[in-house]
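*Asks:* Sequence first, then the predicted structure, then my questions.
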Amino acid sequence: MLVIEGRAFRDGRIEPAAIGVEDGRIVAIKKQLRGDPVYRYSEAVILPGGVDVHVHLRDPGLTQKDDFFSGTESAAAGGVTTVVDMPNTVPPVTDGERLRDKLRTVSRNANVDFGLYGGPTNAVDVESSRGATAFKTYLAESTNAPAVRDDATLAGILLSVAQADSFLAAHCEDPAAFRPGAAKGLEDHHRLRPIEAEVAAVQRVARLRGAARVHIAHVTTAGAARARPPGATCEATPHHLLLSTASSLGARGKVNPPLRPEGDRDALWRELLAGGIDMFASDHAPHTLEEKSQAFDAAPAGVPGVATTFPVLFRYVRRQLLPLDRFVAMFSGNPARLLRANKGEIAIGRDADLLVVDPRRVEKVTARRCRYKCGWTPFEGAEATFPTATFVRGALVAQEGELVTERTGRMITASQP
Ligand code: DOR
Ligand code: ZN
């Protein structure tokens, strides 16, 4: 039995514990355990590894930006032990055949566990993609992503998703509410793809969803979170929580949906603290510096983020602005539940996906520490607390950001009721 010792977070408390692991699962949690090997982290805190339901790892087809190996290396460096990859790779993962092709391409290159979204354009696509972890639909065009514009098609997709007992993650922006023009900066980008467009698209999903489980991706405003239908979940990204149109990032800060003004960013935090946001997700969407150096209007939208969710948000826990149990629920427990994956908490029977952190340590974010293939991060220089170690099903995958075990990641299957 492998044993990991430290101060573990479980049942809402931090307590000294020895966590015993066999065949990748937690089999014992005691004050002391004998085992081999034993990893001793005496004063450090052990938390469930992160589950990020929204990443774009760019594999296949766009591997100049990122790839499955480097993207999952970045995940491990940031304490994320499961990622779910979006379908807007090249070619887009519209049907079952493309899903299986993608799985063949990426499956041996994963450093953390992973799921794959299908990106159906109609109900038949959903039926052919039964192996997908879940499904993703864009209500407006975005980078390499066709939009599902008519209601009948969207309703058909939702019905098939319900029949597959899966869920639909929705990118909610309504192109009918976009304004014409060319954006020169972050303020413009926000004005041209306004908040009303986001709220209108959430309302459209609410109207059409039928019996389907629905997850609203990257809400940027309290209004979008509140417009979701009863029982639907939603996520917020670190960039929408920490950056605004006031940032000096220029085209590097261009993302869809856009960064919002400070007032809306504040309101998003208030909504989160009031319990209205279910989970964090990075929407890790790297582009090369060359692509991001074009004029604002020509530059692609998206920012890298899979490695920084934990480091930049844990600061709010350290400062006691965000309770630890709420942070863990949003980083691990709630997204694991959405996926019905056997992950997201330190408990007997769960996968031993763990991160170890010294809460007193404060560093600065660098693209190097994040192991980003794209070579940049919108959080460069920000105060951060990186995990010291990351375990996936008991394997020590990363230590101080360095990969220790390679290619140990597997595709997840739903197993949590
Ligand atoms: O900013 C974005 N980037 N929004 C999306 O919807 C897609 C993503 C990407 O893949 O680059
Ligand atoms: Zn995305």
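*Replies:* Yep, it's here. Ligands and ions are numbered 1, 2, ... in the order given.
*Asks:* how about the residues of the stretch 1-150 of the chain that lie near ligand 1?
*Replies:* By CB under 6 Å from any ligand atom, the part of the stretch 1-150 of the chain that sits against ligand 1 consists of H56, N88, S142, T143. C-beta: built from backbone N, CA, C; applies to glycine.
*Asks:* Please tell me I have it right and the third one contacts P300.
*Replies:* No - look at S142 against P300 with CB atoms under 8 Å: they stay out of range, at 9.4 Å.
*Asks:* the strands in the stretch 251-400 of the chain, which residues?
*Replies:* Using DSSP state E, counting those that start in this stretch, the strands assigned to the stretch 251-400 of the chain run over residues 279-280, 354-357, 363-364, 383-384, 389-392, 395-399.
*Asks:* An error on my part: the question was meant for the stretch 1-150 of the chain.
*Replies:* Under DSSP E, counting those that start in this stretch, the stretch 1-150 of the chain gives strands at 2-10, 13-22, 25-30, 38-48, 50-55, 80-85, 113-118, 134-138.
*Asks:* Same list, those, but as CSV with mean neighbour count and mean pLDDT please.
*Replies:* Below are the strands of the stretch 1-150 of the chain laid out as CSV (neighbours: other CB atoms under 10 Å; pLDDT from 0 to 100):
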stretch, mean neighbour count, mean pLDDT
strand 2-10, 22, 98
strand 13-22, 17, 97
strand 25-30, 16, 98
strand 38-48, 18, 96
strand 50-55, 30, 98
strand 80-85, 30, 98
strand 113-118, 26, 98
strand 134-138, 25, 97
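*Asks:* of those, which approaches E198 most closely?
*Replies:* strand 134-138 (12.8 Å; CB to CB).
*Asks:* what's whatever helix or strand comes next after that closest one packed up against?
*Replies:* Beyond strand 134-138 on the C-terminal side, the first helix or strand identified by DSSP states H and E is helix 151-163. In terms of contacts (3 or more CB pairs under 8 Å, 6 or more residues apart in numbering; DSSP states H and E), helix 151-163 is packed against helix 123-128, strand 134-138, strand 167-171, helix 195-208, strand 213-216.
*Asks:* Determine the angle, from 0 to 180 degrees, between helix 151-163 and helix 195-208.
*Replies:* Calculated by axes from the mean of the first three to the mean of the last three CA atoms, to 10 degrees, helix 151-163 forms an angle of 60 degrees with helix 195-208.
*Asks:* Show me which parts of helix 151-163 are buried, residue by residue.
*Replies:* By neighbour count with 16 or more other CB atoms under 10 Å, helix 151-163 contains the buried residues T153, L154, A155, G156, I157, L158, L159, S160, V161, A162.
*Asks:* What does the pLDDT read for the second one?
*Replies:* Put plainly, it is L154. Looking at L154, its pLDDT reads 97.
*Asks:* Spatially nearest residue to it (excluding sequence neighbours)?
*Replies:* Take L154 and drop its neighbours on the chain: the residue closest to it by CB to CB, 6 or more residues apart in numbering is V148, 5.0 Å away.
*Asks:* isn't the one you found right up against L158?
*Replies:* No - contact status for V148 versus L158: not in contact, 10.0 Å apart, counting by CB under 8 Å.
*Asks:* With V219 as the reference, name the closest of the strands of the stretch 1-150 of the chain.
*Replies:* Closest of the strands of the stretch 1-150 of the chain to V219 is strand 50-55, at 11.8 Å (criterion: CB to CB).
*Asks:* hey, C-alpha coordinates of that closest one in CSV?
*Replies:* As requested, the backbone C-alpha atoms of strand 50-55 are provided in CSV (Å, rounded to 0.1, in the frame of the first residue of the first chain):
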residue,chain,number,x,y,z
GLY,A,50,-8.8,19.9,-9.3
VAL,A,51,-11.4,18.9,-11.8
ASP,A,52,-11.4,21.4,-14.7
VAL,A,53,-14.5,20.8,-17.0
HIS,A,54,-13.4,23.4,-19.6
VAL,A,55,-10.0,23.3,-21.4
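*Asks:* And for that strand, what's in contact with it?
*Replies:* Residues outside strand 50-55 that contact it (CB atoms under 8 Å, 6 or more residues apart in numbering): 71, 75, 78-86, 115, 134, 169, 215, 217-218, 235, 237, 279-284, 306, 309-310, 331-332, 335-336, 338-339, 341, 343-344, 355.
*Asks:* let's go with 6 Å and repeat that
*Replies:* For strand 50-55, contacts defined as CB atoms under 6 Å, 6 or more residues apart in numbering pick out 79-80, 82-85, 217, 281-284, 306, 310, 331-332, 335-336, 343-344.
*Asks:* Okay, angle between it and strand 113-118 too, please.
*Replies:* Using the same axes, to 10 degrees, strand 50-55 lies at 20 degrees relative to strand 113-118.
*Asks:* any idea how far L168 is from the residue nearest to Q294 when sequence neighbours are not counted?
*Replies:* Sequence neighbours aside, A251 is the residue nearest to Q294 in space, at 6.7 Å (criterion: CB to CB, 6+ apart). In this structure, A251 lies at 31 Å from L168, with CB to CB, to the nearest Å as the measure.
*Asks:* Equivalent analysis for N122, please.
*Replies:* Using CB to CB, N122 is found at 13 Å from L168.
*Asks:* So which residues on the stretch 301-417 of the chain come close to ligand 1?
*Replies:* Near ligand 1, the residues belonging to the stretch 301-417 of the chain are A301, G302 when assessed by CB under 6 Å from any ligand atom.
*Asks:* mind listing the helices for the stretch 301-417 of the chain?
*Replies:* 309-318, 324-328, 334-339, 367-370 (DSSP state H, counting those that start in this stretch).
*Asks:* Output the contacting helices and strands for the last one.
*Replies:* Just to be clear, that refers to helix 367-370. Counting contacts by 3 or more CB pairs under 6 Å, 6 or more residues apart in numbering; DSSP states H and E, there are no secondary-structure elements packed against helix 367-370.
*Asks:* again, 10 Å this time
*Replies:* If contacts are counted by 3 or more CB pairs under 10 Å, 6 or more residues apart in numbering; DSSP states H and E, helix 367-370 sits against helix 68-77.
*Asks:* The third one now?
*Replies:* Packed against helix 334-339 by the contact rule (3+ CB pairs under 10 Å, 6+ apart) you find strand 50-55, strand 80-85, strand 167-171, strand 213-216, strand 233-236, strand 279-280.
*Asks:* thinking again about what came up before, out of the residues of the stretch 1-150 of the chain next to ligand 1, which is most surrounded?
*Replies:* When neighbours are taken as other CB atoms under 10 Å, the top entry among those is H56 (27 neighbours).
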